[in-house]
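*Asks:* Take this sequence and fold it.
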Amino acid sequence: MTIILKRIEFMLQTYFEEQRAARLQMYEAANKEKWLDSQTVKLMLRKGDRTLFNYVQSGKLISKKIGGANFYLQSSVMNFLERTNA
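*Replies:* The predicted structure is shown next:
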């Protein structure tokens, strides 16, 4: 029984370490990247709020909400523009 519990504990520790490393990597990437507000992105893409929401849901754009406002990762917006203009 103790062997099983030790194995489970090891697996959980490994899982949490991987999650912590992934979060740290995302945090560092987010701090390096530039984020655009939704008004700027709407003007760049000539789309509305609902369309931007759909793009985020489908994985075409990366966004995060800060203080009730949506911000979009500049590199994802630029990649999206390149794909649609190609």
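*Asks:* same question for the longest helix that the chain contains, mean pLDDT?
*Replies:* Using DSSP state H, we find that the single longest helix of the chain is helix 2-32. The pLDDT scores in helix 2-32 average 85.
*Asks:* Could you identify the helix or strand that succeeds that helix?
*Replies:* strand 35-37 (DSSP states H and E).
*Asks:* So which residues make contact with that following strand?
*Replies:* With contacts defined as Cβ atoms under 8 Å, 6 or more residues apart in numbering, strand 35-37 is touched by 44, 64, 69-74, 77. All C-beta atoms are positioned from the backbone trio N, CA, C, and that covers glycine.
*Asks:* chain center to the longest helix of the chain: distance?
*Replies:* Chain-centre distance of helix 2-32: 18 Å, with Cα atoms, centre = their mean, to the nearest Å.
*Asks:* if we can go back for a sec, just the contacts of strand 35-37: which are in strands?
*Replies:* 64, 69-73 (DSSP state E).
*Asks:* Out of the residues you listed, which end up buried?
*Replies:* Among the ones in strands among the contacts of strand 35-37, the ones that count as buried by 16 or more other Cβ atoms under 10 Å are 70-73.
*Asks:* for Leu45, what are its contacts?
*Replies:* Contacts of Leu45 (Cβ under 8 Å, 6+ apart): 51-52, 77, 80-81.
*Asks:* Could you single out the nearest of these to Tyr27?
*Replies:* Val77 (20.4 Å; Cβ to Cβ).
*Asks:* Show me this protein divided up by domain.
*Replies:* 1-32, 34-86 (automatic domain parsing).
*Asks:* just to revisit the earlier point, tell me the angle of the longest helix of the chain relative to strand 69-73?
*Replies:* If you take axes from the mean of the first three to the mean of the last three Cα atoms, to 10 degrees, helix 2-32 sits at 90 degrees to strand 69-73.
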